[in-house]
Structure formats: structure tokens, C-alpha cells
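Participant: For reference, the sequence and a predicted model appear below.
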4 protein chains.
Amino acid sequence: MRVTVWNEYRHEVTKEHVAKIYPDGIHGLIASFLRKRGFEVKTATLLEPEHGLTDEVLDNTDVLIWWGHCRHKDVRDDIVDKVYERVMRGMGLIVLHSGHYSKIFKRLMGTSCSLKWHISEKERIWTVAPNHPIAKGVDETFVLPEEEMYGERFDIPEPEEVVFMSWFSGGYVFRSGCTFKRGLGKIFYFRPGHEEFASFHNENVQKIIGNACEWACPNKIGGPLSAPCVAPLE
Amino acid sequence: MRVTVWNEYRHEVTKEHVAKIYPDGIHGLIASFLRKRGFEVKTATLLEPEHGLTDEVLDNTDVLIWWGHCRHKDVRDDIVDKVYERVMRGMGLIVLHSGHYSKIFKRLMGTSCSLKWHISEKERIWTVAPNHPIAKGVDETFVLPEEEMYGERFDIPEPEEVVFMSWFSGGYVFRSGCTFKRGLGKIFYFRPGHEEFASFHNENVQKIIGNACEWACPNKIGGPLSAPCVAPLE
Amino acid sequence: MRVTVWNEYRHEVTKEHVAKIYPDGIHGLIASFLRKRGFEVKTATLLEPEHGLTDEVLDNTDVLIWWGHCRHKDVRDDIVDKVYERVMRGMGLIVLHSGHYSKIFKRLMGTSCSLKWHISEKERIWTVAPNHPIAKGVDETFVLPEEEMYGERFDIPEPEEVVFMSWFSGGYVFRSGCTFKRGLGKIFYFRPGHEEFASFHNENVQKIIGNACEWACPNKIGGPLSAPCVAPLE
Amino acid sequence: MRVTVWNEYRHEVTKEHVAKIYPDGIHGLIASFLRKRGFEVKTATLLEPEHGLTDEVLDNTDVLIWWGHCRHKDVRDDIVDKVYERVMRGMGLIVLHSGHYSKIFKRLMGTSCSLKWHISEKERIWTVAPNHPIAKGVDETFVLPEEEMYGERFDIPEPEEVVFMSWFSGGYVFRSGCTFKRGLGKIFYFRPGHEEFASFHNENVQKIIGNACEWACPNKIGGPLSAPCVAPLE
């Protein structure tokens, strides 16, 4: 299992209170707890050449994790094209929190991916599909004491599976863990993870992200996309 | 559009505070607001012969509404068989609140239909599929000040569409408006409607139930179920 | 019900044998049979200014029908953006045959939309969801004696509903009638309709396209897309 | 992985030409190729006490495979109840061919599970979800030279995933590999396997059944079903 954790990595550099929570960047923390599960983990960030997502990196990635927030529009379209093509061919993709507005997620969903938001509320997450591989070992319910609230309507296609749902103290609800398939690739969107709060330190959150990597790992990577002209078989 | 509203009709007879809220029974109130939409509405209750669901009644029903609570097990199996067969052949079915534990709903779902519950909490309902016919004209969010709480995990098959979701003051969430298809019949489960509270007087609730009747109305009623032996066509 | 039929309209102009089958263009024939159902129908084609899809036209369209084949790449991106935005806000979209490779369909699906193809085979279409509004009055099975074959795997997201499936004489199968929702808009993909064959003259095909317009017609058109910052409600 | 293969086991005993194809019974052959994958496999048949499905057997089964045909009605209801309860609590279930009409499958689907049928036709199976774990290593298309034909409409709920589709020489099509979830249990229906033909000797068929066992294996077995009264959490 070869995982690449992509992070915008701006808030952690420019805001002291974020740096305190994630001194090695959000990607650094995620990479760290995934390595403990025995995965082979790389990281990549916005300001690296090609955003750190060279062909070589992508060709050696089974599952890509994506966190972005304020710099979505600075992600180069040609890099998004490459990520998109890899998903079509089977690479798994895990989109976290504000990544709902990333170019790659909107392109794969075919919708606006808009939602309501508000900082901050108490979040309580419920496991609604306890039999799903992504929920393995996850508590039936757990609390993130402070999070950015995301509220419905979340403008996504009807998810194939809703694994987690969130309750917020301000009266909002959200489909917080959703699975999709696009091309040969499996996609998991997971809601928590605002940079100003410690959610990625939460044990259930870590377990979910690790499980999602295992679930999204492809059977095999397919060849280039094509629409072949074929001969009759019968 | 010919609607039959079935109600267990025991709480309204045996409990004074319920009778005050629903003096004509829950079925009486539902029939009344559906008639205002121009539907042709009959009612039927548990203690009538054949629970009021004779062949003649069922043969003239496009959509059946079901409310039951403490007397599920007293519903005759042969009547459930008949309702089931009509759903297979196209009759629409709208199951309300504690009807989640009715014989007919469990049979159509193929699951336990269990959930968490607690009396009482404030409920806030969110419209998550505003484009769905059942949500037509319904507010984006509305409050039922007092309701019996139903909490996830709601043990149902993955719904085809989740039209409404509920937030509860005690920290619970619920998929409150779910669509399913079984055989040729369309099924809508709608969560609110505990007998001790006034939810069926709520304008949004009434609109939803009326919309659901229109959505569930069959194109046509199919013939008897069979698995025909056929000849090659080519 | 205001329908706009968009057609690339090149084959009918450049190829005599196509012009014989569709002397008024594919759009002309479709418009003609939809008008007989009482719909208000406009047409629009590639070579008109703005491809005939001005703001005024789109603002007065409930359902857009799309047929394109060899000139997909000549459709202007800004027009595709506008169509996309209208679908997000509720406009229905019906994509026919080779429109599977149109910019708008690929954008809404988030997949390559590739498939196998071959000219020509006998096609037999099966109604697998006879209770669906789009199947109303459609035969259980019907034959298109000559069609371009499209074979699986069709690279689309898992459809919400598969209404029709195709059998081809050469040994291929296809999910030929598929529904999707994106934003507030309903989308129906329907497979038949190669320009060299008479499929749009087929009575079942005409019924399906008309039914699909009724099914895809929006409850209402929503406002502009946004991700609003909101205040706590509780 | 502990698999129990249940077989009606009547045709192989009463019909010589069936016994020639499956001298150890269909269950014997399935058990044999699953053992080669390293699974721990038991078998159970109709005429054994409790149909071989004692509490002890079921408590030690991760995935149950079901083949039945002409004796569905002889399966005891109390045994079906026990199997149903295990599926609710997480046991995987793989239903083969004419098992579509078994008591347990109809109960889990909530539909008639009817279909068209005819003996015999050439069947060509297509992998339509090559990224699905059940399709791992399976050919894009393969032929079963002689099979009982099953044709649409197959009266099941909309499957969560359609992994395989069949083409038949007589003009019929079928959703041949379908996944469902019920309670905590995963269910896979797979079409081939008429007793008079050699389909269970086919390498792709064997691979699919083995893959399906791995896919359906539960994360854990849940406790007894209940609808707990709970206290507010917030």
C-alpha cells in the first residue's frame, strides 16, 4: 500500500496557532499515523514543483489523500488532469474536509459541492454503516469538541454509501463519510479536519483515514482510457 | 389518486391526551388534509373486519399510508400478505414513524428496521434533496418542537434517495425521509408522527405526505407475480 | 413544459443517406414528436450563434435534449459552462446516443464515459424498471433492426436507476437507459440514435424521450450556487 | 475465513446425468475449489438434521453459500429465521442461480425475485465493474456454452452494484452479479449454475465465488438485534 498525502500546506506556515496544532503540517501528521499502520507513505505539497505530484510520484501511488482550503485555484489544471486520469485508471482518492471545493473533487462529482458552513461548533459523528470496511473498529459515536461546521444540503451526487453522519451543536446535520466510484477509482469523502482544530489527532479520525486507504486501494491499475471499436463476438 | 390511510387507532381511543391532539384519530386528520389536495381518501383501522383492508379496498387503492405502534403483532399475516402482493404489483406505500416496525415494512426492507429511541426531544428536519418531488414546496428546514427521537443506526437497506434528515437536541441524527422501490411499488418512509405530539398538524409534514402520495402513485397495476418459461426471441 | 432540442446537425447536412432518414435533422424530428405531446419545443444547433443556446433560450428551457457526435470538441467551453450551471440549478438534461462523449455529459458524470462500439448490429431493448415514469407505456421489449452497437463496460458512475438494458446480436450488452441527479437537475442517458439508422422514428423510442422530458422537468429552478456562511440555529 | 456451502443436493442424487457432472454434489465441488484458496470450508445439505445448519455451524460461519432449486419449500422456516438473523448480525451470504427463489433470498430482498427462464442457451458474461473486489482477476468477458437462461425483468431491489451482466443467445439479458447489504451482512447474488451444466467447473465462475467470499466476510459479528431506548447525549 503506497499512499501519497497531498496538502496545500499554507495555513501551517502562515498562522502560528495552526502551526502549533500541526507543527509538521497536516500532511506530516497524517503520514505519521499511516506509517504506523505499515503503509509506505509519501507527502506532497502545493509549492513543490508540480505540486509534488510528478508522474513518477503518481505512478507509484495506490491511494492519494487530498487536503486543500484557500488555494484551490492555484492548483494547476494540468496536474488536476493527471490526478483525474489516475483515478479513472484505479488510483484511490480520499478527500478531506475543505477539499470538497478542490478542483479534483468537483470534477469527479460533477456538481458544485457547495454546503453551509460556520466556525465553530461541537461535532458528534455517528457511524451509520458499521459493517463498512471504513468503519472497522470505529466507535459508534464520537465527539470532536470544536470543528468548522458543514451543513446540508451538501451538493453531491447521491453517495453510494453513507458511512458516517454528523450532528452539530448549532442545529445542522451532514453526510460526513461518503463513498463514490469514478472510472476504476474508489473515492471517499470525509468531513472533519479544519486546520485550526485538532481533529487529525483524534484516534477515530485516524482509524477512519487508515481504513479508507485500505478500502480505496485498487485491485490493479488499468490501461489508458479508450473507446475501442470492436468486432462481433457471436 | 385513491389513497387509503391505515391507522392502528388504539392510542387515540385509550389515552385522553392523545385523543385531544387527534380527536378523529391520526387517520382522520391525515385523510382530512389529503382530501383538501383533491385526493379520493378512505380510512381503515386495526379493529375493523380484515383491518379494513378487504380485497375491494386494496383493489381500489393507489397509495396506502401506514401508521402503527403498539399493536404490530396483532396485524393478521394474511392481510400483510395481501398488502405485500399489492406493493409488488405497483401500489404505493407510505410508512409513517413507528410503522418502521410494522410487519409490512420489515418484510419489504428485509432488515430488522431497528433504531435508537427516546421521548422526547426537539427535532429539526433538513431537506437534503430539494429537487425531489416529495420535497416540492417544503421548507429547507423546519422544527417539530417535541417529538419522539429516533436515532441512527437505522437498520434499513441503503435508501435509494435520502430526501430528509433530522437533527435532535439530544445529539442524535436520522435519515428521516427515505425512498425505496420493491417490485413495481414505490415506498416512502417518513419519520415524524409520535401520537403524543402534534406533528401531523405541521404544514410541512402535511405537504410531504401529500407529495409522497403523488410520487408513489403507480403508472399502472401489474398482473400476478410469476416466473414465466419463455421461448428464444432470436 | 418547455423543451429545447440541441443537435450538432452536421451529418444530416453532409451525408445524403443521413439526410434521407432525417430530412429536417434529428432535432427536427424529435421536436415534431414532442410537440404532439403538447410540449413547447425549440431547437438549437451547433452552427447558430452561441450554438443557439443563448441565456434567453436557456432561461426558458425546462429540459434540454442533447445529440452530438463528431464535433463535440467544437462546442464552446463557455456554453458548456452555462448549460452545466443550469443543470445545477434544476434544468433537466436528456443525453442521446453519441452524446455520451459530449463535454457536458462527461463533466456531469466525472468519468471518461468510454464504451465499446461497432457498426452495425441488431439491438433488442429490455425494460427492466417497468414502474419508472420513463417506462410508462413502453413495451417490455422492442427491436431496433439496425443500430450502432455500444457495449459494456460503459464507464459511468453507478446509475441511480437502470431503466432499460440492450442486447446486441454480436454478443454485447449495455445499460441503455440510466438516470442520474446532479445538483438540482435530473439527467437521463438513452443509448439509441445513430444518425444512419431510423431509431428516432421508432414509437417506443419516441415515447421514452417524451416520458423522460416529463420526468426531468424541474419542480423549480434554484438560485445561483453558493456556499453560505450561516449562523447557529440552536 | 470460514465458509459453509449449503446445497439442496437432490438433483445430483436422483438424476444420473447431473451426478456425472457433479459426482460429489455441487457443494462438494464448490467446497473443493474454495479449500484451494485456503478457506476453511464445511458443507451442509437439505436432508441432514436441521439441514446441516445447526447453531454451532452457523456460529462458526463467516460466509454462507446457498444453492437450492426444486425443494425451496421444504427448507424449515425456523432454519431460515436463524440464517436471516445471522445475516442481520454480519454473516455474508452468497446466493447462486436458482437460489433466487429460496426463502432466505426472497426474505432479504423483500421482492418476488421472479424472472424469465428457458433451458438452454449460450451465455456470455460481461464484467461491468472491473474495479470491484469480486471481479479481481476475472476475464472481461467469458462464455458458458450451455446454461439455463434467466431473463429480465429480474424482480429485485435496485442492486447497490451490478458487477456482471449476461447476454444470452436467445435475445435475453440479465443482471447476473449483484451486491446488496442487509443488516450488517453483505449479500452477493450470482446467476450461473444450473445443475445440468458444468458451469461450476468454469475457472472464472470459481474465481468469482472465491472473491465473493472474501468480499462478504464480516468485519465482526454484531450482537442481538434490538431497538434500545437511549438517553440524551447532549
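Facilitator: That came through, no problem. The structure presented is a predicted model; accordingly, all values stated were derived computationally and were not measured.

Participant: For chain A, which segments count as helices?
Facilitator: A:11-14, A:16-21, A:25-36, A:55-59, A:77-88, A:103-109, A:203-216 (DSSP state H).

Participant: give me every residue that touches the nearest residue to A:Phe154 once chain neighbours are set aside.
Facilitator: Using C-beta to C-beta, 6 or more residues apart in numbering or on different chains and skipping residues adjacent in sequence, the residue nearest A:Phe154 is A:Leu115, 4.7 Å away. Every C-beta, even on glycine, is put in place using the N, C-alpha and C of the backbone. Shown in contact with A:Leu115 (C-beta atoms under 8 Å, 6 or more residues apart in numbering or on different chains): A:100, A:150-155, A:174, C:227.

Participant: What of A:Asp77?
Facilitator: A:Asp77 neighbours (C-beta under 8 Å, 6+ apart): A:Lys103.

Participant: That one and B:Lys103: what is the separation?
Facilitator: 56 Å (C-beta to C-beta, to the nearest Å).

Participant: for A:Gly52, same thing?
Facilitator: 58 Å.

Participant: check contacts around the most centrally placed residue in chain A.
Facilitator: Centroid-nearest residue in chain A: A:Val95, 1.7 Å away (criterion: C-alpha atoms, centre = their mean). Neighbour list for A:Val95: A:66, A:102, A:104-105, A:187-190 [criterion: C-beta under 8 Å, 6+ apart].

Participant: Check A:Gly52 too.
Facilitator: A:6, A:43-45.

Participant: Not counting its neighbours along the chain, what's nearest A:Asn7?
Facilitator: Nearest to A:Asn7 is A:His27, by C-beta to C-beta, 6+ apart, at 3.5 Å.

Participant: Please list the residues of chain A that sit near chain B.
Facilitator: Contact residues, chain A versus chain B (C-beta under 8 Å from any C-beta of the partner chain): A:124, A:126-130, A:140-141, A:151-154, A:158, A:160-162, A:165-168, A:171-173, A:175.

Participant: Of those, keep whichever come out buried.
Facilitator: A:124, A:126-130, A:141, A:151-154, A:158, A:160-162, A:165-168, A:171-173, A:175 (16 or more other C-beta atoms under 10 Å in any protein chain shown).

Participant: Which of those fall within strands?
Facilitator: Per DSSP state E, strands hold the following members of those: A:124, A:126-127, A:141, A:151, A:161-162, A:165-168, A:173, A:175.

Participant: Chain D contacts on chain A?
Facilitator: Checking chain A against chain D by C-beta under 8 Å from any C-beta, the hits are A:90, A:122, A:124, A:129-131, A:133, A:135-137, A:141, A:160-161, A:167, A:169, A:181, A:183-186, A:218-220, A:222, A:233-234.

Participant: Make a PyMOL selection of the buried ones in the residues you listed.
Facilitator: Selection of buried members from these for PyMOL, criterion 16+ other C-beta under 10 Å:
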select buried, chain A and resi 90+122+124+129+130+131+133+135+136+141+160+161+167+169+181+183+184+185+186+218+219+222
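
Participant: ok so, going back, farthest pair in the contacts of A:Val95?
Facilitator: Farthest apart among these by C-beta to C-beta are A:Ile104 and A:Phe190. That separation is 15.0 Å.

Participant: So these two - more neighbours on which side?
Facilitator: Higher neighbour count among A:Ile104 and A:Phe190: A:Ile104, with 25 against 22, using other C-beta atoms under 10 Å in any protein chain shown.

Participant: Might one say that that one is in contact with A:Ile65?
Facilitator: No. Using C-beta atoms under 8 Å as the test, A:Ile104 is too far from A:Ile65 to be in contact (11.7 Å).

Participant: which residues are common contacts for those two?
Facilitator: Common contact partners of A:Ile104 and A:Ile65 (C-beta under 8 Å, 6+ apart): A:Leu93.

Participant: so who does A:Lys207 touch?
Facilitator: Contacts of A:Lys207 by C-beta under 8 Å, 6+ apart are A:136-138.

Participant: out of those, who's nearest D:Ser32?
Facilitator: Nearest member of the contacts of A:Lys207 to D:Ser32, counting by C-beta to C-beta, is A:Lys136, at 30.9 Å.

Participant: can you pull the contacts of the closest one?
Facilitator: Here A:Lys136 is in contact with A:207, A:211, D:219-220 (C-beta under 8 Å, 6+ apart).
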